[in-house]
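*Asks:* requesting a structural model of the entry that follows:
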Amino acid sequence: MLSALFVHYFFIPPIHSFTTLSLSDLVRLAVFLLVTTIISLLNSNLQAARREIERLSDRQLQAREEQLRMTLQAARMGIWSWNMATEEITWSPEQERLFGFAPGTFDGRYETFEACLHLDDRDKLNQVVQTAIRERSVCIHEYRVVWADGSVHWLEGRGYTSYDQSGNPVRMTGTVMDIDDRKRTEAALLQSEERLRLIFQEMPVMLDAFDAAWNIIAWNHECERVTGFLAAEVMQNPTIMERFYPDAAYRQQMTVAWTERGNNYRNWEWDITCKDGSTRTISWSNISELFPVSGWASWGIGVDVTERKRAEAELRQLNVELEHRVVERTAELSEANDRLQKELLHRKRIEQALQQSELKFHAVFDQSFLFMGLLQPDGTIFEVNQRSDGLTVIMGEPFVGRPFWELAIWGREKQNHLKRVIEQVVAGEVMHLEMDIHALDGSLLQIDGNFVTHDVTVKAVKNAAGQVMFLTMEGWDISNLKRIEKSLQQSEERLQFAMEASRDGLWDWNIETGDVYHSPQYLEMLGYAASDLGELGLNFQRWQQLIHPEDKASVFEQLNAHLQNASIQYAIDYRVRTKSGDWKWVADYGKVVVRDLQGQPLRMIGTYRDISDRKQAEASLHEFNRRWQSLLDNVQLIVVQVTHAGTIDYVNPFFLTLTGYAAAEVLGKSWFALFLPSYLRPQMKTVFQEVLEQDFHPYYQNPIVTRTGEERMIAWNNTLLRDGQGKPIGTISIGEDITDRHNLERMKAEFLSAVSHELRTPLTSISGALELLATGLLQPQSERGQQTIQIAYTETDRLTRLVNDILDLERLESGKIRLEKHSCNLSDLMIRAADFMQLAADQSTITLSVTPLAVELEADSDRILQVLTNLLSNAIKFSEAGSVVWLSARVGNGEDGEEWGDGGDGEERTSSSSPHP
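*Replies:* Presented below is the predicted three-dimensional model:
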């Protein structure tokens, strides 16, 4: 519609003045309709295209989300988001798997996440998170999680914090990644480094390295074999170059050439003086620039070519002599034909000498371990040695008669370059080439799965006139050397990555010079930057100054012990001063790696590890153990720990005091056999098994037997002990000695039983008597009625005494009883007590026998009479009918006493004596 209005407004006159009378008007109308239709179609197509774009965008978004999910799953990574305001955590399915959850089972609670963390990592993770939030930095931390099955897994977490407009943190989002494989790789790193060291030492070529001060810091066994100088004599020896090159002029010439060549040259030959005074020619190749090694300013590989050089020199000398003799013989033939026969004989001898020389040359030429060939000045190969013939067999193509650059072993793409090499050699240069060997199909040649690389040297041989007679090609297989170089580089990279990942510091101590190398991680550990190294000045003396004074003696005792005896390990924890002046705990591990012929240490390498967190945890644990042990040692309760097998693992001092045993007599012994009565052992073993298997009986009471055989009743509070996997490993029980309370409760029960019986007996008699009188069965005035009333009176009196006794007992226990002391005669009290109890004795057919003792006492006569009456009452009550109860008194040493008893069939007697004031 808009398009029609647009065309109508701009391209045709107003509708009220528009006519179709002319052909032009019709054309204009047709054009108007056509444009309107096209615009409408374009608008429709635009809408359809927009919908298609939206559909494709949704599909691409879904595909990218699926790719992201698959990528995270393949990389073992998860995504998480933490809302700090609500404490809600959102995890991706991959994150849930990394924490041991099934997808969709994580409840989003922070407490659930924290429960998954390893106990040793929780505090550290919280510190890292809080530091990242406070410093607005990326939170990166490695920690362990414990799955539901008890397995422990390493994760690396990364988080980024979002802040509101006020600068307050509102959300943290990040990822976690499974690093179990990396942790296992770190463990294998040390083993790999040891293999690398052996490869370096045992490789069949000479290898040496220099530091920035041009001191030799690496010297392998092949170097020792060729020169006779041991590594201990060469390394860090500032005068060793004077022994290698005693000629000052030659040494200066070599130094200048070395400066010009730098750290990138091949097969540079120079003579070196050995320890025995002989001279050897070494072909050196320096590949420091191509394969830099940390800590090595320059390093190279050398091959002893002394014999080859000697053979070349002899060959050149023979050729020179031959040319000289041929010239002489030609001149003599032209001057004196008559001497032809003689000259022919002489020439024959020369030819024989030449043949012998040729034989010597070919003996050296063919038996050389190098690939050797002779080339025409135009580059055509005209002879190769036997080792080169072996290569032609492998390649399947001949070398002789072909231009040097057309050999398929060099690769098609290098032909033009090799042509220029031949030209440069003819011009007087010596060319050193490192060539990868190709197969006939153009691919790189492999032998036993390894690519083949040769070091090739091409140079010209000239006559005395300086003319090029032929070219020589020498090559040797450096495939193994390349693999060693690659392995060395990879090992160096792995070591660097491992040290960076573990945050451990590395140190390398030259014992002779006192110089110590420290890695950047160690400097960072002490709070220094790499630029602070000059300020820090970390040599051996400076390192001593950083050690805490209290730790210095133990550190050097351990260090000297290891330096003197390699079997003693150097591993020690101590404190060092940081840049800020604080003290930091480090774990130092080291080993002497180089000793001289006398066994004296020359070089030592080791690592530092920051263990401040571990030491702080150990201090906290020590303090906790100290407090716990103090509590166990001083608490006035029994503490016993028993293993699942029933043996005693711990008892506290209070228990030992109670039972009379020493700790050595108890620990490791059977709890049941040593401390439980025999009649209780089967039952208590069953109880113990129920505690272990079902966590029953948290509270229990049972007696134990002391060393003297006494039984003590103990009330136990039992706790089941479990290991890290939740398996029961024993119990720890806290007990209270309730023997006195138990006996008191038993005595109270017996007392209540006796009192109830004593109350029931007189009440029954009184009730029966009153019932007979009340019903009229007996008349009160009758003889039997009077007897019944007397019985009721007697039992009432007995009941009154019993109640008074109970009240007196209560007053006695509460300390409220009062004694009214006055002068009284013991004889009168004994007779009165017998009179009171005579009726009861007669009713039980018991005979009372009293032997009075006339003694004046200062006492409460009522209480004494009450005691005597109770004693006689008990004796009558528990004596058989027809027996005799006797009561007598005696005067002892400073005390009076009474004796009572029953004279039954066996005349068993019980006596008691008590002091009186």
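
*Asks:* which SS state does the closest residue to residue 286 other than its chain neighbours fall under?
*Replies:* Leaving out its chain neighbours, the residue that sits closest to residue 286 by Cβ to Cβ, 6 or more residues apart in numbering is residue 300, at 4.0 Å. Quick note: C-beta positions are derived from backbone N, CA and C, even for glycine. What DSSP: H, G, I helix; E, B strand; the rest coil gives for residue 300 is strand.

*Asks:* could you measure from residue 300 over to residue 746?
*Replies:* 98 Å (Cβ to Cβ, to the nearest Å).

*Asks:* so between these two, which is more surrounded?
*Replies:* residue 300 (20 against 11; other Cβ atoms under 10 Å).

*Asks:* my guess is that one contacts residue 287, does it?
*Replies:* Yes. The pair residue 300 / residue 287 is scored as a contact, 6.9 Å apart, by Cβ atoms under 8 Å.

*Asks:* now do the buried residues in whichever strand or helix holds residue 827.
*Replies:* Under the criterion of DSSP states H and E, residue 827 resides in helix 826-843. Buried residues in helix 826-843, counted by 16 or more other Cβ atoms under 10 Å: 826, 827, 829, 830, 833, 834, 836, 837, 840, 841.

*Asks:* return the item of those having minimum pLDDT.
*Replies:* The lowest pLDDT within the buried residues of helix 826-843 belongs to residue 836, with 77.

*Asks:* so that one sits against residue 869, correct?
*Replies:* Yes. Contact criterion Cβ under 8 Å: residue 836 and residue 869 qualify, at 5.5 Å.

*Asks:* returning to that earlier point: could you report the pLDDT at the residue nearest to residue 286?
*Replies:* 86.

*Asks:* which parts of the stretch 301-450 of the chain are strands?
*Replies:* Taking DSSP state E, counting those that start in this stretch to define them, one finds strands in the stretch 301-450 of the chain at 371-375, 381-384, 431-436, 446-447, 450-451.

*Asks:* residues contacting residue 526?
*Replies:* 536, 546, 576, 577, 578, 579, 584 (Cβ atoms under 8 Å, 6 or more residues apart in numbering).

*Asks:* so which of those sit within strands?
*Replies:* Judged by DSSP state E, the subset of the contacts of residue 526 located in strands is 576, 577, 584.

*Asks:* can you tell me which of these are classed as buried?
*Replies:* 576, 584.

*Asks:* circling back to that earlier point, export the buried residues of helix 826-843 as JSON lines, with columns for distance to residue 89.
*Replies:* Formatted as JSON lines, the buried residues of helix 826-843 follow (distance: Cβ to Cβ, whole Å):
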{"residue": "826", "distance to residue 89": "91"}
{"residue": "827", "distance to residue 89": "96"}
{"residue": "829", "distance to residue 89": "90"}
{"residue": "830", "distance to residue 89": "92"}
{"residue": "833", "distance to residue 89": "88"}
{"residue": "834", "distance to residue 89": "92"}
{"residue": "836", "distance to residue 89": "89"}
{"residue": "837", "distance to residue 89": "88"}
{"residue": "840", "distance to residue 89": "87"}
{"residue": "841", "distance to residue 89": "90"}
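
*Asks:* just the strands of the stretch 301-450 of the chain: most buried one?
*Replies:* strand 371-375 (a mean of 22; mean count of other Cβ atoms under 10 Å).

*Asks:* OK, contacts around the residue nearest to residue 286?
*Replies:* Contacts of residue 300 by Cβ under 8 Å, 6+ apart are 207, 208, 209, 284, 285, 286, 287, 288.

*Asks:* which one of the residues you listed is nearest residue 145?
*Replies:* residue 209 (44.1 Å; Cβ to Cβ).

*Asks:* that closest one - how many residues pack around it?
*Replies:* 20.

*Asks:* for residue 470, see how far away it is.
*Replies:* 38 Å.

*Asks:* please enumerate the strands of the stretch 101-250 of the chain.
*Replies:* In the stretch 101-250 of the chain, the segments counted as strands under DSSP E, counting those that start in this stretch are 139-146, 152-163, 169-178, 206-210, 216-219.

*Asks:* out of the ones you listed, which is closest to residue 612?
*Replies:* Nearest to residue 612, of the strands of the stretch 101-250 of the chain and by Cβ to Cβ, is strand 139-146 at 16.0 Å.

*Asks:* which strands and helices sit next to that closest one?
*Replies:* helix 122-135, strand 152-163 (3 or more Cβ pairs under 8 Å, 6 or more residues apart in numbering; DSSP states H and E).

*Asks:* give me whichever of the ones you listed is most buried.
*Replies:* By mean count of other Cβ under 10 Å, these have strand 152-163 as the most buried, with a mean of 17.

*Asks:* what about it, distance to the chain center?
*Replies:* 20 Å (Cα atoms, centre = their mean, to the nearest Å).

*Asks:* adjacent strands (with direction) for it?
*Replies:* Applying DSSP bridges, strand 152-163 is found paired with strand 139-146 (antiparallel), strand 169-178 (antiparallel).

*Asks:* mind listing what's buried in the longest one?
*Replies:* Of the residues in strand 169-178, those scored as buried under the neighbour-count criterion (16+ other Cβ under 10 Å) are 169, 171, 172, 174, 175, 176, 177, 178.

*Asks:* and the third one, how close does it get to residue 92?
*Replies:* Residue 172 sits 15 Å away from residue 92 when distances are taken as Cβ to Cβ.

*Asks:* returning to what we had before: now, which of the contacts of residue 526 sits nearest residue 110?
*Replies:* The closest of the contacts of residue 526, once distances to residue 110 are taken by Cβ to Cβ, is residue 584, at 31.6 Å.

*Asks:* which residues touch the closest one?
*Replies:* 525, 526, 575, 576, 577, 578, 610, 612.

*Asks:* swap in residue 593?
*Replies:* The neighbours of residue 593, taking Cβ under 8 Å, 6+ apart as the test, are 603, 604, 605.

*Asks:* now the stretch 451-600 of the chain, which segments are flagged as low pLDDT?
*Replies:* Applying pLDDT under 70 to the stretch 451-600 of the chain picks out residues 488, 490-503, 530-538.

*Asks:* and the strands in it?
*Replies:* 453-462, 468-477, 505-510, 516-518, 570-577, 583-595.

*Asks:* okay if I get the ones you listed as TSV plus distance to residue 236?
*Replies:* Converted to TSV, those look like this (distance: least, Cβ to Cβ, whole Å):
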stretch	distance to residue 236
strand 453-462	30
strand 468-477	31
strand 505-510	6
strand 516-518	12
strand 570-577	21
strand 583-595	10
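
*Asks:* right, and the ones you listed - which one's nearest residue 218?
*Replies:* strand 583-595 (10.4 Å).

*Asks:* buried residues in that closest one, which are they?
*Replies:* Those would be 584, 585, 586, 587, 588, 590, 592, 594, 595, for strand 583-595 by 16+ other Cβ under 10 Å.

*Asks:* can you give me how far it is from the chain middle?
*Replies:* 19 Å.

*Asks:* and the next helix or strand past it?
*Replies:* Note on strand 583-595: by DSSP H and E, the next helix or strand toward the C-terminus is strand 601-610.

*Asks:* export the strands of the stretch 101-250 of the chain to a markdown table and tack on mean pLDDT?
*Replies:* A markdown table is the format used below for the strands of the stretch 101-250 of the chain (pLDDT from 0 to 100):
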| stretch | mean pLDDT |
| --- | --- |
| strand 139-146 | 91 |
| strand 152-163 | 91 |
| strand 169-178 | 90 |
| strand 206-210 | 86 |
| strand 216-219 | 88 |
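
*Asks:* any idea of the mean pLDDT for stretch 244-256?
*Replies:* Summarised as a single mean, pLDDT over stretch 244-256 is 87.

*Asks:* same thing with stretch 625-642?
*Replies:* Mean predicted lDDT for stretch 625-642 stands at 81.

*Asks:* contacting residues around that stretch?
*Replies:* So stretch 625-642 is contacted by 648-655, 658, 671, 688, 714, 721, 730-737 (Cβ under 8 Å, 6+ apart).
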